[in-house]
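# what shape does this take:
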Amino acid sequence: MSSRKSVDHLQDYYSEQDNLPALKKVAERYAVSVTDAVLGAIKSADDPVGLQYLPQAKELVTQPEEIADPIGDSAHSPVPGIVHRYPDRVLLMPVHTCAVYCRFCFRREAVGPGKKTMSAAELEKALDYIRNDANIYEVILSGGDPLILSPRRLKAIFDQLEAIPHVQVIRIHSRLPVADPGRITDELCAALQTRKAMYVAIHVNHAQEITPEAEAAFTRLRRADCVLLSQSVLLRGVNDNPQALEGLFRRIVALRVKPYYLHHPDLAPGTSHFRLPLKQGQSLVRALRGKMSGLCQPVYMLDIPGGHGKVPVGPQYLTEADGRTEVTDPNGCAHSYPDEQG
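Model prediction:
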């Protein structure tokens, strides 16, 4: 469970051509922490795992369109620790630290060592907000990584949520099952066993991240009655080709994890080197259609900058012209469809 938190401690993974002074400047601005579990999966700084976790000098370049709060969390935070963007669900963010810090993170300006955990009073105020809004059907624990909290603290939160009748679903977003699978202990899994439906969305972007230890963590979570989903980010150099995406989604489905969202990267500062044009993303997603089972297909999503919400931005298959509907098949051929008119 140990981790390396400075460029000096990660020097063995860089080549002689890497600019170590620039990398240290990156680490002064954005949090760095890489677990031994992740380091074991990295072959080089520029491989699909190394690019996700090891600082790069490119992070010092901020584009004009990049903003500190790219998805507008702050505009939808009625009380500390709550983000309420959609009527039926809220984010509850009890902690702002992680076991690892992804180089493309959309909350990179808000998370890191020394960022405070919610106080007991703040947590109670956040829970009161949830209690007082009967429209809230689902509570999503995010952060930071909520699974770095102790099993005791997590269970205390779940006990409170279980007592709220209108909350029917609890969801957890976490990197830990792949980034620090040793933390997914039997004690933690016992805390996750609730009377309400428990979903765990595992953040994983490349099949190389899925070590035998990660597989074992997935198994422990399933045995704790957690429904497993995945969230992935489409990243240049990491998974921006059909083979990498197919390999990832086939691998996790075989491990009983349902691909949920494939996110287009957000406009976080210093992350432009990870972003692809949306049209390229659509082309990649289209290449998967017809090749893989629907079980293996996530929804390609864009979180509109400024807090306007997520929308699917996958390829379109229907067109209309001269009162006729045409549908495009997975091979790119168009077919007339007798759609109802009028």
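# which residue, other than its chain neighbours, is closest to L248?
When the adjacent residues along the chain are set aside, L248 lies closest to A207, with 4.8 Å between them (CB to CB, 6 or more residues apart in numbering). Every C-beta, even on glycine, is put in place using the N, C-alpha and C of the backbone.
# V253 is in contact with that neighbour, correct?
No - A207 sits out of contact with V253 when judged by CB atoms under 8 Å, with a separation of 11.4 Å.
# quick one, phi/psi of the residue nearest to L248?
phi -60, psi -20 (degrees, to the nearest 10).
# where does the residue nearest to Q193 when sequence neighbours are not counted land on pLDDT?
Excluding the flanking residues, the one nearest Q193 by CB to CB, 6+ apart is A224, at 5.2 Å. The score at A224 is 97. That number is its pLDDT.
# quick one, what contacts A224?
Listed by CB atoms under 8 Å, 6 or more residues apart in numbering, the contact partners of A224 are 189-190, 192-193, 198.
# swap the cut-off to 7 Å and go again
Counting by CB atoms under 7 Å, 6 or more residues apart in numbering, A224 makes contact with 189, 192-193.
# I'd like the distance between it and G306.
37 Å (CB to CB, to the nearest Å).
# ok so V38 is a helix residue?
Yes - checked against DSSP: H, G, I helix; E, B strand; the rest coil, V38 lies within a helix.
# burial of it, as a residue count?
Counted with other CB atoms under 10 Å, the burial measure for V38 works out to 24 neighbours.
# pretty sure it contacts V100?
Yes - V38 is within contact range of V100, at 6.0 Å (criterion: CB atoms under 7 Å).
# would you list the strands that the helix or strand of the chain with the lowest mean pLDDT pairs with, along with their directions?
Least confident element among the helices and strands of the chain, by mean pLDDT, DSSP states H and E: strand 3-4 (a mean of 82). As defined by DSSP bridges, the strand partners of strand 3-4 come to strand 34-35 (antiparallel).
# what are the phi and psi angles of E213?
Backbone torsions of E213, given as degrees, to the nearest 10, read phi -70, psi -40.
# next, the contact list for it, please.
The contact partners of E213, by CB under 7 Å, 6+ apart, come to 37, 181-182.
# run the last query once more with 6 Å
The contact partners of E213, taken as CB atoms under 6 Å, 6 or more residues apart in numbering, are P181.
# retrieve the pLDDT associated with it.
As summarised for this prediction, E213 has a pLDDT of 98.
# re the thing from before, need the phi and psi values for the residue nearest to Q193.
phi -90, psi 10.
# coming back round to it: what number of residues lie near the residue nearest to L248?
Here the neighbour count serves as a burial measure; for A207 (other CB under 10 Å) it reads 17.
# same thing with the one 5 residues further on?
P212 is surrounded by 8 other residues when neighbours are defined as other CB under 10 Å.
# for L51, same thing?
23.
# what's the overlap in contacts for V38 and V100?
Common neighbours of V38 and V100, using CB under 6 Å, 6+ apart, are 53, 179.
# just checking, which of the contacts of A224 belong to helices?
Within these, residues falling in helices by DSSP state H are 189, 192.
# which one of the contacts of A224 is nearest T319?
When those are ranked by distance to T319 (CB to CB), L192 comes first, at 45.5 Å.
# can you map out the strands along this structure?
3-4, 34-35, 82-86, 89-92, 138-141, 169-174, 197-203, 227-233, 258-263, 299-304, 309-312, 318-321, 324-328, 334-337 (DSSP state E).
# which of the ones you listed is buried the deepest?
strand 34-35 (a mean of 24; mean count of other CB atoms under 10 Å).
# and for that strand, what's in contact with it?
3-4, 53, 99-100, 179-180.
# buried subset of those residues?
Listed as buried from the contacts of strand 34-35 are 3-4, 53, 99-100, 179-180; burial here means 16 or more other CB atoms under 10 Å.
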